[in-house]
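Enquirer: build me a model from this:
(one chain, ligands or ions: 1)
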Amino acid sequence: MTTPTIPDTPAASRRVNVRTPEVMDRVQAQVEEHYRSPLVETIRERGGVFTVGNTTLRLARDFGFCYGVERAIDLAYAARKVFADRRVFLLGEIIHNPEVNRQLADMGVISIPVGKHEQEVAKLTCEDVVIVPAFGAETKLMDLISSRGCLVVDTTCGDVMSVWKRVRGYAKQGFTSIIHGKAVHEETRATSSRALGDDGTGHFLVVLTLADVDYVCDYIRRGGDKAEFLKRFPSNARSAGFDPELHLRKVGVANQTTMLKSETEEIQRRVLKAIEDRDGGDRSNFQVFDTICGATQERQDALFDMLRHKMDLLLVVGGYNSSNTTHLVEIGEQRLPTFFIRDAGCITSLEQIVHFDLHSKSETTSYSAKLAGGESVVVGITAGASCPNNLIEDTIRRVFKLRGIDEAAVMRAATRQGSVSS
Ligand code: SF4
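Expert: Numbering: from 1, shown residues only. Below you'll find the model as predicted:
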């Protein structure tokens, strides 16, 4: 096997390219074995609508693994193969899907829990390999990894890095980054650290809700109680030394790549209006760059398109901590009964679906009259960018099975126009 070149600089960044053609051939075979679904591919080729008996499944035009996630998984699998004789660590989760993380754990990749990154990385040696997930990592953590001399396999998505470029640019020009995102999310933490700029003197503020933004806009227009402001935004949602009197003068808006597009656009509009109101119509103290990634937007757009069709219920499959999946659920539940399920096992029976309730932020069990009824039903299915196709296939098979449609009938229907092997 071709061994990639391993940099021998002890403390400098020891990033290693594990994507040799030979390794990638083996990685592809394993990734397909773990996550591919011929059934899903066939349904997609046939336009996404699949009817057997009295049950119709409608798949969104775009769902499931995005290019960034595919690349991150490929690199993580390649790292395991190339460094078969070394300890391979992962910062938290490679992506927010429990099935994918379980597969990596089964392959011997050791996940370092998010709250213990610095503590655990400080114990690593130059013999160890560290995989940086698709969300990226904070600059101080990357510096610590470098100082330990670890080999680094960096899977950070290019779309995340373009947000970093943008917020670094804001800092360079003396603009504070207002970041629409979740302050605790790995990607937003990584982005916030870049908003400090190359010399560390920049500032950022993370806003999540429209209420947060309105509060900030009020402050921009009229000023307010500084102590109250600082209390409202916890320390992980603002840069050290953030002073609303000083650091809301010039602002640039950016966002976590996986937010709800319509909400992000509204935030951009409200902040711009506040700056214009304060500065007599002058926009020079405002900058904006839409950093919703293409994959997130495509999945949201595809769901809006799918919602034009009549459906009785919607299943959204994915990890409960997946940001882009969460927003698909938000879109769906405004129109029809929507269930955010981790996998097919959540559909425990025709009557009961275990699902994540975004409002109570907990897993709950609900009754689904539509699925349980004997009459015809149309079930919509979509999934976030971190959900593999095999989990979609499991969900499809589960729905048909519970509706009393046997496996053979499903496969016959699938092969009538496509070629599917189980
Ligand atoms: S969801 Fe977007 S930012 Fe995240 S990995 Fe996929 S393409 Fe990259």
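
Enquirer: which residue does the protein have closest to the ligand?
Expert: Nearest residue of the chain to the ligand, counting by C-beta to the nearest ligand atom: residue 68, 2.5 Å away. Backbone N, C-alpha and C define where each C-beta goes, glycine included.

Enquirer: am I right that that residue is in a strand?
Expert: No - assigned with DSSP: H, G, I helix; E, B strand; the rest coil, residue 68 falls outside any strand and is helix.

Enquirer: state the helix or strand in which the closest residue to residue 95 other than its chain neighbours lies.
Expert: Leaving out its chain neighbours, the residue that sits closest to residue 95 by C-beta to C-beta, 6 or more residues apart in numbering is residue 386, at 4.1 Å. In this assignment (DSSP states H and E), residue 386 forms part of neither any helix nor any strand.

Enquirer: torsion angles phi and psi at residue 386?
Expert: phi -110, psi 10 (degrees, to the nearest 10).

Enquirer: which ones are touching it?
Expert: Contacts for residue 386 (C-beta atoms under 8 Å, 6 or more residues apart in numbering) come out as 65, 69, 95, 96, 97, 100, 318, 319, 322, 324, 325.

Enquirer: please report how far it lies from residue 56.
Expert: Using C-beta to C-beta, to the nearest Å, residue 386 is found at 26 Å from residue 56.

Enquirer: now the residue of the chain closest to the ligand, nearest residue through space, not along the chain?
Expert: residue 157 (3.3 Å).

Enquirer: enumerate the positions of the helix or strand where residue 396 lies that are buried.
Expert: Per DSSP H and E: residue 396 is located in helix 389-402. Of the residues in helix 389-402, 389-400, 402 count as buried by neighbour count, 16 or more other C-beta atoms under 10 Å.

Enquirer: could you dump the residues you listed into JSON lines with distance to the ligand added?
Expert: Formatted as JSON lines, these follow (distance: C-beta to the nearest ligand atom, whole Å):
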{"residue": "389", "distance to the ligand": "15"}
{"residue": "390", "distance to the ligand": "18"}
{"residue": "391", "distance to the ligand": "17"}
{"residue": "392", "distance to the ligand": "17"}
{"residue": "393", "distance to the ligand": "21"}
{"residue": "394", "distance to the ligand": "22"}
{"residue": "395", "distance to the ligand": "20"}
{"residue": "396", "distance to the ligand": "23"}
{"residue": "397", "distance to the ligand": "26"}
{"residue": "398", "distance to the ligand": "26"}
{"residue": "399", "distance to the ligand": "26"}
{"residue": "400", "distance to the ligand": "29"}
{"residue": "402", "distance to the ligand": "31"}
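
Enquirer: for residue 256, state which of those is nearest.
Expert: Checking those against residue 256 by C-beta to C-beta gives residue 391 as the nearest, at 23.6 Å.

Enquirer: close to the ligand: what parts of the stretch 1-150 of the chain are there?
Expert: Proximity of the stretch 1-150 of the chain to the ligand (C-beta under 6 Å from any ligand atom) is limited to residues 66, 67, 68, 69, 134.

Enquirer: can you pick the most crowded of those residues?
Expert: If you count neighbours using other C-beta atoms under 10 Å, the busiest of those is residue 134, which has 28 neighbours.

Enquirer: and the pLDDT for the nearest residue to that one once chain neighbours are set aside?
Expert: Distances taken as C-beta to C-beta, 6+ apart put residue 72 closest to residue 134, at 3.9 Å, once the chain neighbours are dropped. At residue 72, the predicted lDDT confidence score is 97.

Enquirer: quick one, what contacts the residue of the chain closest to the ligand?
Expert: With contacts defined as C-beta under 8 Å, 6+ apart, residue 68 is in contact with 134, 157, 158, 159, 160, 293, 295, 385.
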